[in-house]
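Engineer: Predicted model and sequence below, questions to follow.
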Amino acid sequence: MIGGLKNAVEHGSSLESAKLSFISAGYSREEVEEASRNISGVRLNSSVREEDIIKAKPLPQQGEIVKPKFFTKKRVLIFIMITLMILVGALFLGLAFA
């Protein structure tokens with residue numbers, strides 16, 4: 001568990017989110033807190049709140065297929081930008097060669 005927490009922090013996750021992931025995966029809060037103290041070498045004052053655990057998305061069950069969302073905000077904005085560029089280009093070509 002210590003290795004997993006270290007790995008998560010080294011790859012950009014906060015220690016809190018790494019601890020929350022372990023707790024959501026079924027590890028006991030006490031074990032996760034102890035492992036996180038061993039990583040930092042200092043007793044941490046912050047703890048994972050119960051509300052954070054409830055809000056966390058459950059991991060998919062083994063064999064369950066997770067479909068990615070198609071209409072994300074980023075994709076919708078890109079679609080709108082491309083559409084506007086096509087319309088402006090068509091308007092320009094229509095006026096330039098009229």
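Structural biologist: Arrived safely, thanks for sending.
Engineer: domain parsing for the chain?
Structural biologist: 1-60, 67-98 (automatic domain parsing).
Engineer: so how far is the shortest one off the chain centroid?
Structural biologist: Distance, stretch centre to chain centre, for domain 67-98: 28 Å (C-alpha atoms, centre = their mean, to the nearest Å).
Engineer: Buried residues of it, list them for me.
Structural biologist: Within domain 67-98, not a single residue qualifies as buried, counting by 16 or more other C-beta atoms under 10 Å. In short, each C-beta sits where N, CA and C put it, glycine included.
Engineer: Likewise for stretch 29-39?
Structural biologist: Going by 16+ other C-beta under 10 Å, stretch 29-39 has these buried residues: 32-33, 35-36, 39.
Engineer: And the domains of the chain, which one averages the lowest pLDDT?
Structural biologist: Across these, domain 1-60 has the smallest mean pLDDT, namely a mean of 74.
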